[in-house]
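S.K.: Could you look at this predicted model? Sequence included:
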Amino acid sequence: MEQPHSEGRIKSIWNQTNKKKFSVGGTIFLATFALAAYLLLFFPNTPNQLASNSNHGEKLSFFPVFKPEVKYGFILDTFYISNAEIKPNQFLSEILDEHHVIYEKIDVLARNTEDVFSVTKLRAGKDYMILSKDASSSAQYFIYEPDVYSYVVYDIENGSAEVIKREITTQIKSSSGIIESSLWQTMVDNDLSYDLASRLEDVFGWSIDFHHVQNGDRFKVIYESRSIDGKVVGVGDVLGAYYKNYDNEYHGIYFKNEQHQGYYDLEGRPMKKNFLKSPVKYSRISSGFNMNRFHPVLKRRKAHLGTDYAAPYGTPILAVANGVVTRASRTRGNGNFVKIKHDKTYQTQYLHMQKFAKGVSTGVHVKQGQVIGYVGSTGLATGPHVCFRFWKNNRQVNHRRLNFPPAEPMPEGDIPRFNEKRDEIIKQLNQIEFKEKVMLAKVDVEKEKGEADSKKVSKSNP
């Protein structure tokens, strides 16, 4: 009997399907066999390694895992990438024109992003990245890093921009050092940053003249280390510090509550005083206050009524206290200079500036630590430095010999909380050892051992 047409069609389809399954299955079998033979031929230890890995519970895989390169939130493997550095006097329009972006899009981008991150803020010497579909296509994204903490993504197609803050990891670290030449050199010798030296000046800048340290001075510090993607990028707050200068010991404790924020001594008095000890950081005293100095330019004896701080060109010069600028001018001898009146008693002057800071002019109020100019060699100067002069009751004096009264302690009601924080920091500082001291002790032990061995040898060989 002839089978119905529908049933025969089903069998026909089933037979064709089985043939296809057999064909596909055979292909897979042959491919697997070929792969196994290849691995055994060229990687004979692979089975043993896999067996060994499986004993440790590791995931087995015959194939390498592809890990795409991700940066700035993009999978870079899917783009054509161009990296370069912004050249002097080069504008974004010129850069994007080279990457096939029409002027109309550049104009829209510049106008739309003015309040986010203006294209006028792009600086020569900074790196940038451009992402495109391919080498001949119009650029899609322009990425710029103004600093290590953030980057800007310009979306060219949509005429927009976004500033992305990088995630910062903060760790509490501690270190110590013994001064041999200067604080900054000791930082370098201990693999620490200049940034940390600057932070120490922020703590002790009102108490210690870091331009007059001596060999043997020592410090301990507990601070916040900031890193991005495992790379250290800076120093946060110093939480506590100790410094011994001559026979004087100083402590700085960082304390913050609803009313107070800053550094305090062990009695709860603010470390911050009316005047900074120096108008510049990272410098050295090249000439002190001297009533009978031989002038290096005039070649004759003349009173030097100031203190010279030698520093590289462009080093920021700081106002040592709050005050009003009475003069921001230039003379043949002083070069570019700024003079500040702090109160009825004190005035300061800063000579030989390369240039004034933006906004600094006669009549302007300035704050302690504010940048008022930059180190130069204008006027009668042989090299880059700032001559710092100090007036007390209209008479020029040596500011390094002045002793200012200590600040008033914080209110009694805040003292218990401060004392609790102070005791915690002091305990941590006491646990920090001086690195050089430990190294010297090790050397002394080895030296004594060597001398002892030498004596034994001499006794056995009279």
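M.R.: All right, it came through fine.
S.K.: For the stretch 351-462 of the chain, just list every one of the strands.
M.R.: Assigned by DSSP state E, counting those that start in this stretch, the strands in the stretch 351-462 of the chain fall at 365-366, 371-375, 385-392, 395-397.
S.K.: I'd like a version of the ones you listed in a markdown table, one that adds mean pLDDT as further columns.
M.R.: Rendered in a markdown table, the data for those read as follows (pLDDT from 0 to 100):
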| stretch | mean pLDDT |
| --- | --- |
| strand 365-366 | 94 |
| strand 371-375 | 96 |
| strand 385-392 | 93 |
| strand 395-397 | 91 |
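S.K.: Would you agree residue 191 falls within a helix?
M.R.: No - under the criterion used here (DSSP: H, G, I helix; E, B strand; the rest coil), residue 191 is coil, not part of a helix.
S.K.: Distance of it relative to residue 238?
M.R.: Residue 191 sits 17 Å away from residue 238 when distances are taken as CB to CB, to the nearest Å. Bear in mind the C-beta positions are built from the backbone N, C-alpha and C, glycine included.
S.K.: Mind checking which of those two has more residues around it?
M.R.: residue 238 (20 against 7; other CB atoms under 10 Å).
S.K.: Quick one, grab the pLDDT at that one.
M.R.: On pLDDT, residue 238 comes in at 95.
S.K.: between the strands of the stretch 351-462 of the chain, which one is nearest to residue 404?
M.R.: Nearest to residue 404 among the strands of the stretch 351-462 of the chain is strand 385-392; the distance by CB to CB comes to 10.9 Å.
S.K.: That closest one packs against which elements?
M.R.: Using 3 or more CB pairs under 8 Å, 6 or more residues apart in numbering; DSSP states H and E as the contact criterion, the secondary-structure elements in contact with strand 385-392 are strand 307-310, strand 346-356, strand 395-397.
S.K.: which residues touch that strand?
M.R.: 278-280, 283, 286, 305-311, 317, 320, 334, 345-353, 375, 377, 381, 396-399, 402 (CB atoms under 8 Å, 6 or more residues apart in numbering).
S.K.: Residue 224: what's it in contact with?
M.R.: When contacts are counted by CB under 8 Å, 6+ apart, residue 224 is found next to 170-173, 235-239.
S.K.: Could you do residue 244 as well?
M.R.: Contact analysis of residue 244 by CB under 8 Å, 6+ apart lists 217-219, 250.
S.K.: So which of those sit within helices?
M.R.: Here DSSP state H is the test, and the contacts of residue 244 give no hits in helices at all.
S.K.: Surely residue 195 forms part of a helix?
M.R.: Yes - for residue 195, which was evaluated using three-state DSSP, the result is membership in a helix.
S.K.: Can you tell me the element the closest residue to it other than its chain neighbours falls in?
M.R.: Computed as CB to CB, 6 or more residues apart in numbering, the closest residue to residue 195 that is not its neighbour in sequence is residue 235, at 4.6 Å. Taking DSSP states H and E as the definition, one finds residue 235 inside strand 231-245.
S.K.: Pull out the buried positions in that strand.
M.R.: Buried positions in strand 231-245, judged by neighbour count with 16 or more other CB atoms under 10 Å: 233-235, 237-243, 245.
S.K.: again with stretch 90-104
M.R.: Counting neighbours by 16+ other CB under 10 Å, the buried set in stretch 90-104 is 92, 95-96, 99, 101.
S.K.: now that stretch: mean pLDDT?
M.R.: If you average the pLDDT over stretch 90-104, you get 94.
S.K.: And for stretch 173-180?
M.R.: Mean pLDDT, computed over stretch 173-180, is 89.
S.K.: list the buried ones in that stretch?
M.R.: Taking 16+ other CB under 10 Å as the neighbour-count basis, stretch 173-180 is seen to contain the buried residues 175-179.
S.K.: circling back to that earlier point, how close does the residue nearest to residue 195 get to residue 319?
M.R.: When CB to CB is the yardstick, residue 235 and residue 319 sit 23 Å from each other.
S.K.: Residue 130: what's it in contact with?
M.R.: Under the criterion of CB under 8 Å, 6+ apart, the contact partners of residue 130 comprise 81-84, 95, 99, 139, 141-143.
S.K.: what ranges do the strands span in the stretch 101-250 of the chain?
M.R.: Along the stretch 101-250 of the chain, the stretches classed as strands by DSSP E, counting those that start in this stretch are 127-132, 141-147, 150-155, 160-165, 169-178, 218-228, 231-245, 248-256.
S.K.: other SSEs contacting the last one?
M.R.: Which is strand 248-256. Applying 3+ CB pairs under 8 Å, 6+ apart, we find strand 248-256 packed against helix 194-204, strand 231-245, strand 261-264, helix 415-430.
S.K.: Export those as JSON lines, with columns for distance to residue 118.
M.R.: Below are the helices and strands packed on strand 248-256 laid out as JSON lines (distance: least, CB to CB, whole Å):
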{"stretch": "helix 194-204", "distance to residue 118": "28"}
{"stretch": "strand 231-245", "distance to residue 118": "24"}
{"stretch": "strand 261-264", "distance to residue 118": "32"}
{"stretch": "helix 415-430", "distance to residue 118": "43"}
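S.K.: Return the member of these having the minimum mean pLDDT.
M.R.: Going by mean pLDDT, the lowest-scoring of the helices and strands packed on strand 248-256 is helix 194-204, which has a mean of 86.
S.K.: quick one: which of the buried residues of stretch 90-104 is nearest to residue 256?
M.R.: Of all the buried residues of stretch 90-104, residue 92 has the smallest distance to residue 256: 41.4 Å, by CB to CB.
S.K.: so the closest one touches residue 122, yeah?
M.R.: Yes - the criterion here is CB atoms under 8 Å, and residue 92 meets it with residue 122 at 6.0 Å.
S.K.: which residues does residue 151 form a beta bridge with?
M.R.: Here residue 151 sits in beta bridges with residue 164, as judged by DSSP bridges.
S.K.: Tell me if I'm right that it and residue 144 touch.
M.R.: Yes - contact between residue 151 and residue 144 holds when scored by CB under 8 Å: they sit 6.7 Å apart.
S.K.: what's residue 332 in contact with, if anything?
M.R.: With contact set as CB under 8 Å, 6+ apart, residue 332 has these partners: 379-380.
S.K.: And for the one 3 residues further on?
M.R.: When the contact criterion is CB under 8 Å, 6+ apart, the partners of residue 335 are 351-353, 376-381.
S.K.: separation between it and residue 87?
M.R.: Residue 335 is 33 Å from residue 87, where distance means CB to CB.
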